[in-house]
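Visitor: What shape does this take:
(chains A and B)
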Amino acid sequence: LAKTTQPISMDSYEGQEVNITCSHNNIATNDYITWYQQFPSQGPRFIIQGYKTKVTNEVASLFIPADRKSSTLSLPRVSLSDTAVYYCLVGDGNSGNTPLVFGKGTRLSVIA
Amino acid sequence: SQTIHQWPATLVQPVGSPLSLECTVEGTSNPNLYWYRQAAGRGLQLLFYSVGIGQISSEVPQNLSASRPQDRQFILSSKKLLLSDSGFYLCAWSTPGQGRDTEAFFGQGTRLTVV
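Guide: Numbering: from 1, shown residues only, chains lettered A, B, ... in the order given. Here you go, the predicted model:
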């Protein structure tokens, strides 16, 4: 799996847009980029996945530049309930045999 | 729809006692299955993953073992628990191939305290 690097922590005020960037310089051709959210004492929850360009769902947007060496998770108008740890994961989505290794994640704290 | 069941939710065990945590998945066939451990305030550590019955890959050599006796059943075991085995254990599954290997779904977890 490609190694990922994320900021350890971020702070934001309620109502702001939050962008969390993940670096994955050695991403492979078959690798997908996947983001998860984890609240305390719960398992991670899948947020969004992309391969290139931009992906948007009801929760977030994922921006991936042409070289795919980084990605940015965008959370629009965050609320206190978005306080969580966010993980970026890069791996082969088609191999059928992919160990899912999570990095340290980014701890987002939303302030009122 | 697919669901994942993991039990028990909490467990307190003495040092040296055995461990068995079970995870089952419903609504899908031939899933990839994973066991993770998360120490307090730390990240997720992949312990084992399985791509099929009887096929187990170990990521971290330690005091634990895993087995997959049925397609949708994944068991984490230990013969003798250590204090360092305390943590939050999570089971997860994903659909192999079709771009979905990295789209994993997690159980509610088991908080294990070894005393």
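
Visitor: Find the closest residue to chain B in chain A.
Guide: Among the residues of chain A, A:Gly43 lies closest to chain B, at 2.8 Å counting by Cβ to the nearest Cβ. Glycine gets a C-beta too; all of them are placed from N, C-alpha and C.

Visitor: So which bits of chain B are right by chain A?
Guide: B:32, B:34, B:36, B:43-44, B:46, B:49, B:51, B:57, B:59, B:88, B:90, B:92, B:94, B:96-109, B:111 (Cβ under 8 Å from any Cβ of the partner chain).

Visitor: Which of those residues are buried? Put it as a PyMOL command.
Guide: Per 16 or more other Cβ atoms under 10 Å in any protein chain shown, the buried members of the residues of chain B next to chain A correspond to this PyMOL selection:
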select buried, chain B and resi 32+34+36+44+46+49+51+88+90+92+94+96+97+100+101+102+103+104+105+106+107+109+111
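
Visitor: Excluding chain neighbours, what is closest to whichever residue of chain B sits closest to chain A?
Guide: Of the residues in chain B, the one nearest chain A is B:Phe106, at a distance of 2.8 Å by Cβ to the nearest Cβ. Distance criterion Cβ to Cβ, 6 or more residues apart in numbering or on different chains; nearest residue to B:Phe106, sequence neighbours excluded, is A:Gly43 at 2.8 Å.

Visitor: Does the residue nearest to the spatial centre of chain A lie in a helix or a strand, and which?
Guide: Centroid-nearest residue in chain A, with Cα atoms, centre = their mean: A:Trp35, separated by 3.3 Å. Assigned by DSSP states H and E, A:Trp35 belongs to strand A:31-38.

Visitor: List the pairing partners of that strand within its sheet, with orientation.
Guide: Sheet partners assigned to strand A:31-38 using DSSP bridges are listed as strand A:45-50 (antiparallel), strand A:84-92 (antiparallel).

Visitor: tell me what the helix or strand that comes right after the shortest one is packed against?
Guide: Moving toward the C-terminus from strand A:45-50, the first helix or strand encountered (DSSP H and E) is strand A:53-56. Judged by 3 or more Cβ pairs under 8 Å, 6 or more residues apart in numbering or on different chains; DSSP states H and E, strand A:53-56 is in contact with strand A:61-64.
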